[in-house]
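1. Please find the sequence and the predicted model below.
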Amino acid sequence: MSAFEPVLTANIHKDNSHTLKVYEAGGGYRALRKAVKTMAPKEVVDMVRASNLRGRGGAGFPTGLKWTFLPEGHPGPIYLCVNADESEPGTFVNRIQMEFDPHQVLEGTILSAFATRAAAAYIYIRYEYPQCHKRMQQAIDEAYEAGYLGKSVLGSDFRLDVTIHRGAAAYVCGEETGLIESIEGKRAWPRIKPPFPAVEGLFRKPTVVNNVETLANVVHIVDRGVDWFKSIGVPADPNNPRDPGSYGPKLFGVSGHVNRPGCYELPLGVSARELIDEHAGGVWKDRKAKAVIPGGLSTGVMTEPELDTAMDFSALQSVGCLGLGTGCMMVVDETYPMIELLHNSCRFFSHESCGQCTPCREGTHWAVEIIERIKAGRGRLKDLDLLMEISQSMGIIPGTTICGLADGAAWPIKTTIVKFRDELEELIKQTNPVGYAVTDPVDALEDEAHRNWPVLGTTRPYAASTAN
Amino acid sequence: MSTTQERILTDAVREKIRGLLPRYPTKQAVTLPALHAVHDALGYVPQEAVVEVAELLELHPAQVQDTLSFYGFFEQEKPLGRHRLWVCRSLSCAAREGEKLLAYLCEKLGIRPGQTTEDGRIRLEFAECLGACDFAPAILADDTLHGNMTKEKIDELIDSLE
């Protein structure tokens, strides 16, 4: 296999990489030209289908397949939503793409709108990326001027308008139907699926929601071809006709206790260990990794011996992780207490739970209460079983919630308790020598003053009282 | 029904909101962009503004309030202050001392997250993953992402904000 050549990050180190001039000089918009002038929309869909490109936002659903769910011959309008809400803890690669190569993202958007016959595209960018807003808007303005957007794209009868929609600091807007509800002007409460957005989505019209990185890949598939794309990554398992494989380049983020946190573009399938040691400079301070979260907080934890697992769409499940997720890894070293990881994770999901579904709203809240009671020296061994029970009762997988936020909340709890149970039991025994074996119900902490952790912010924004 | 004298939204803000209408097939879809426009102009979204936005978008004020209250991002009581500092508290930043820096800032400014300094200069917030993990610990100060923060860099940042 020939040496891997980055394509998604090929431009980012050039001066003024975000400008149209530099983008075009490097071959930019060649793919769009090819599609609009020589291909029919369906041909582009077929190419993306044949490539087995899988969504890069976390779910890994085959993109071309998703596009085929749009009803054929629908009078429209059809909408394309670009999910640039990137809020999964540990994930920062879309930020880099939008800041330093916004035209690649835009070209992918326009190409995909062409393929799906979308009339309008909304790019939902999270509030916390102000530079991305600026650069994407600049790119859109340049594209309109150059004829890549508007009433007649490249002189054809394909028309497209692109609008940036600014988020307001809510993780659940990264869920495709939460994003749709947010654009519609409502609370970002995810919808029950089916109906799926391709059938009834934004403004109740057929809609496709795709991640920034996924759309950037579409540019290169159209430009260089399906064979090129499939020469990268991990082929589909020949013994499993339902396995789409893990093809293509991936932007892997690495952060936490490593010497060189950053974004590394590599073929899917690289091992976690190689990513950390050969690309991110290894674990810092000459220490060893203790826990590694492979693809954003929702994916749960891996232990050091498990680091030889491939970073692709199927291997991580075999070590108990939710999946590849965003492919953005967080590393903590041997000195980091797992209770802190657990607390940080549960606090995040409790804060971000939209509150619609009881198992998630209550489960994430009570997980934090239990962990804070443990940290305050009033934990019981039974609490670990209780946390396991909570984590197993919320999510799409057990079938109790509308969206997968709850599965994401559950996975760090499950994997940490299963893989680090000894450490947690030890902590509980040491900090609560008198009461650790108690199995009777105990009260939650009464007020913030008693909490072991001077939480600099509350997990319960509404609670003035502490009704437990 | 607000009269011209009582209006809290300036003509410029109203024009901005109206200008967004052609981009969406429903008026309700302009709710979030309108809230941002008001929040940017006034530093918060008071109840009077909720009523005026509802009028502009032909919605019931309760609908606008419903959306507004979902996003903890929007301040409803009084203006935020001149600068808004978001300190990330998610895992990669926390693992690199981010929470200690937040504690340092709280002490230095004499406020807790969700509060504004008495002179109205700085509003402090904690943030969930800012997406700046490659240079954790990170702080978003207004429109600029600051990375690899230390106590010294925080001192510099605070000094630079008027």
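-> Received the coordinates, thanks. Residues are numbered from 1 along each chain as shown, chains lettered A, B, ... in the order given.
2. For burial, what's the neighbour tally of the closest residue to residue B:97 other than its chain neighbours?
-> Once flanking residues are discounted, residue B:97 sits nearest to residue B:137: 6.0 Å by Cβ to Cβ, 6 or more residues apart in numbering or on different chains. Where you see a C-beta, it was placed from the backbone N, CA and C, and this is true even at glycine. Using other Cβ atoms under 10 Å in any protein chain shown, residue B:137 has 29 neighbouring residues.
3. Residue B:76: what's it in contact with?
-> Contact partners of residue B:76, counting by Cβ atoms under 8 Å, 6 or more residues apart in numbering or on different chains, are B:44, B:45, B:46, B:47, B:68, B:69.
4. Adding neighbour count, distance to chain A and pLDDT as columns, could you present those in JSON lines?
-> What follows is the contacts of residue B:76, written out as JSON lines (neighbours: other Cβ atoms under 10 Å in any protein chain shown; distance: Cβ to the nearest Cβ, whole Å; pLDDT from 0 to 100):
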{"residue": "B:44", "neighbour count": "16", "distance to chain A": "14", "pLDDT": "97"}
{"residue": "B:45", "neighbour count": "25", "distance to chain A": "11", "pLDDT": "97"}
{"residue": "B:46", "neighbour count": "17", "distance to chain A": "17", "pLDDT": "97"}
{"residue": "B:47", "neighbour count": "12", "distance to chain A": "18", "pLDDT": "96"}
{"residue": "B:68", "neighbour count": "25", "distance to chain A": "9", "pLDDT": "97"}
{"residue": "B:69", "neighbour count": "13", "distance to chain A": "8", "pLDDT": "95"}
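5. for chain B, what spans make up the strands?
-> Under the criterion DSSP state E, chain B carries strands at the ranges B:83-88, B:115-116, B:122-127, B:139-141, B:144-146.
6. tell me the SS of the closest residue to residue B:23 other than its chain neighbours?
-> Excluding the flanking residues, the one nearest residue B:23 by Cβ to Cβ, 6+ apart is residue A:163, at 4.6 Å. Classification of residue A:163 by DSSP: H, G, I helix; E, B strand; the rest coil places it in strand.
7. which residues does residue A:163 contact?
-> A:120, A:121, A:122, A:123, B:23, B:24.
8. picking up where we left off before, state the distance from the residue nearest to residue B:97 to residue B:153.
-> 10 Å (Cβ to Cβ, to the nearest Å).
9. and what of residue A:283?
-> 24 Å.
10. Pull out the buried residues from stretch B:141-159.
-> Neighbour counts over stretch B:141-159 (16 or more other Cβ atoms under 10 Å in any protein chain shown) mark B:141, B:145, B:146, B:147, B:149, B:154, B:157, B:158 as buried.
11. just checking, the first one touches residue B:85?
-> Yes. Taking Cβ atoms under 8 Å as the definition, residue B:141 is a contact partner of residue B:85 at 5.2 Å.
12. Could you double-check that the residue nearest to residue B:97 lies in contact with residue B:105?
-> No. Shown here, residue B:137 and residue B:105 do not form a contact pair, counting by Cβ under 8 Å, at 11.2 Å.
13. would a markdown table of the buried residues of stretch B:141-159 with pLDDT and distance to residue A:244 be doable?
-> Below are the buried residues of stretch B:141-159 laid out as a markdown table (pLDDT from 0 to 100; distance: Cβ to Cβ, whole Å):
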| residue | pLDDT | distance to residue A:244 |
| --- | --- | --- |
| B:141 | 97 | 43 |
| B:145 | 97 | 36 |
| B:146 | 97 | 41 |
| B:147 | 97 | 36 |
| B:149 | 98 | 41 |
| B:154 | 97 | 47 |
| B:157 | 97 | 46 |
| B:158 | 97 | 51 |
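14. near chain A, from these?
-> The residues of the buried residues of stretch B:141-159 that also fall near chain A, by Cβ under 8 Å from any Cβ of the partner chain, are residue B:145.
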